[in-house]
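S.K.: using only what follows, build the 3D model:
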Amino acid sequence: MTNSNKRGEDSAPAEPRPTTKVKFKVYGEEMIHKKVSRSGSSSGRIYLPPDWVNRHVKIIRVD
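M.R.: Reported below is the predicted structural model:
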(Lines give C-alpha, C1' and ligand atoms only; values in the text may rest on other atoms or scores of the structure.)
Protein backbone atom coordinates (compact mmCIF):
# COMPACT_ATOMS: atom_id res chain seq x y z
CA MET A 1 0.00 0.00 0.00
CA THR A 2 1.35 3.42 -0.85
CA ASN A 3 1.53 6.27 1.61
CA SER A 4 -1.06 8.25 -0.36
CA ASN A 5 -3.58 5.40 -0.02
CA LYS A 6 -2.88 5.10 3.67
CA ARG A 7 -3.44 8.82 4.22
CA GLY A 8 -6.74 8.59 2.35
CA GLU A 9 -7.96 5.84 4.65
CA ASP A 10 -7.10 7.89 7.75
CA SER A 11 -9.29 10.78 6.61
CA ALA A 12 -12.28 8.58 5.72
CA PRO A 13 -15.34 8.98 7.98
CA ALA A 14 -15.73 6.38 10.72
CA GLU A 15 -18.14 3.55 10.02
CA PRO A 16 -21.33 3.55 12.12
CA ARG A 17 -21.27 1.21 15.09
CA PRO A 18 -23.73 -1.70 15.18
CA THR A 19 -26.85 -1.12 17.26
CA THR A 20 -27.41 -4.76 18.17
CA LYS A 21 -25.81 -6.36 21.21
CA VAL A 22 -23.43 -9.29 20.94
CA LYS A 23 -22.53 -11.89 23.54
CA PHE A 24 -18.93 -12.35 24.71
CA LYS A 25 -17.62 -15.28 26.71
CA VAL A 26 -14.51 -14.13 28.59
CA TYR A 27 -12.39 -16.01 31.12
CA GLY A 28 -10.33 -14.07 33.63
CA GLU A 29 -9.18 -13.49 37.19
CA GLU A 30 -11.19 -10.44 38.31
CA MET A 31 -13.89 -8.14 36.98
CA ILE A 32 -14.57 -4.51 37.85
CA HIS A 33 -17.53 -2.36 36.76
CA LYS A 34 -16.44 1.22 36.08
CA LYS A 35 -17.78 4.32 34.37
CA VAL A 36 -15.40 5.95 31.88
CA SER A 37 -14.29 9.47 32.86
CA ARG A 38 -13.59 12.17 30.29
CA SER A 39 -9.91 12.72 29.58
CA GLY A 40 -9.34 15.76 27.39
CA SER A 41 -11.73 16.62 24.59
CA SER A 42 -11.71 13.39 22.59
CA SER A 43 -10.92 10.42 24.84
CA GLY A 44 -11.88 8.64 28.04
CA ARG A 45 -10.04 7.07 30.96
CA ILE A 46 -10.60 4.24 33.43
CA TYR A 47 -8.51 3.96 36.60
CA LEU A 48 -7.63 0.41 37.61
CA PRO A 49 -6.06 -1.02 40.78
CA PRO A 50 -2.26 -0.70 41.01
CA ASP A 51 -1.79 -4.47 41.13
CA TRP A 52 -3.23 -4.62 37.58
CA VAL A 53 -0.21 -2.74 36.19
CA ASN A 54 1.63 -4.81 33.53
CA ARG A 55 -1.35 -7.20 33.27
CA HIS A 56 -3.46 -7.86 30.18
CA VAL A 57 -7.05 -6.57 30.35
CA LYS A 58 -10.06 -6.60 28.02
CA ILE A 59 -12.49 -3.68 27.91
CA ILE A 60 -16.09 -4.28 26.78
CA ARG A 61 -18.55 -1.40 26.37
CA VAL A 62 -21.91 -2.52 27.79
CA ASP A 63 -24.12 0.52 27.05
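
S.K.: from here on, contacts and neighbour counts on C-alpha atoms
M.R.: Noted.

S.K.: quickly note the distance from Arg55 to Glu30.
M.R.: Arg55 sits 12 Å away from Glu30, going by C-alpha to C-alpha, to the nearest Å.

S.K.: ok, now Tyr47?
M.R.: In terms of C-alpha to C-alpha, Tyr47 sits 15 Å off from Glu30.

S.K.: same check on Asp51?
M.R.: Distance from Asp51 to Glu30, by C-alpha to C-alpha: 11 Å.

S.K.: where does Thr20 land in three-state SS?
M.R.: Under DSSP: H, G, I helix; E, B strand; the rest coil, Thr20 falls in the coil class.

S.K.: Asp51 belongs to a helix, doesn't it?
M.R.: Yes. According to three-state DSSP, the state of Asp51 is that of a helix.

S.K.: okay, now it: neighbour count?
M.R.: 7 (other C-alpha atoms under 10 Å).

S.K.: what about Arg45, distance to Lys23?
M.R.: If you go by C-alpha to C-alpha, the gap between Arg45 and Lys23 works out to 24 Å.

S.K.: what about those two, which has more around it?
M.R.: Arg45 (11 against 5).

S.K.: which stretches of this structure form helices?
M.R.: Under the criterion DSSP state H, the chain contains helices at 3-10.

S.K.: where in it is pLDDT low?
M.R.: Along the chain, segments meeting pLDDT under 70 span 1-12.

S.K.: same thing but at 80, please
M.R.: Where the chain drops to pLDDT under 80, the residues are 1-19.

S.K.: the strands in it, which residues?
M.R.: Along the chain, counting by DSSP state E, strands occupy 37-38, 44-45.

S.K.: closest to Thr19 out of these?
M.R.: Between Thr19 and the strands of the chain, the shortest gap by C-alpha to C-alpha is with strand 44-45, which sits at 20.9 Å.

S.K.: distance-wise, check the nearest residue to Lys34 once chain neighbours are set aside relative to Trp52.
M.R.: Leaving aside its sequence neighbours, Lys34 sits nearest to Ile46 (C-alpha to C-alpha, 6 or more residues apart in numbering; 7.1 Å). In this view, Ile46 and Trp52 are 12 Å apart by C-alpha to C-alpha.
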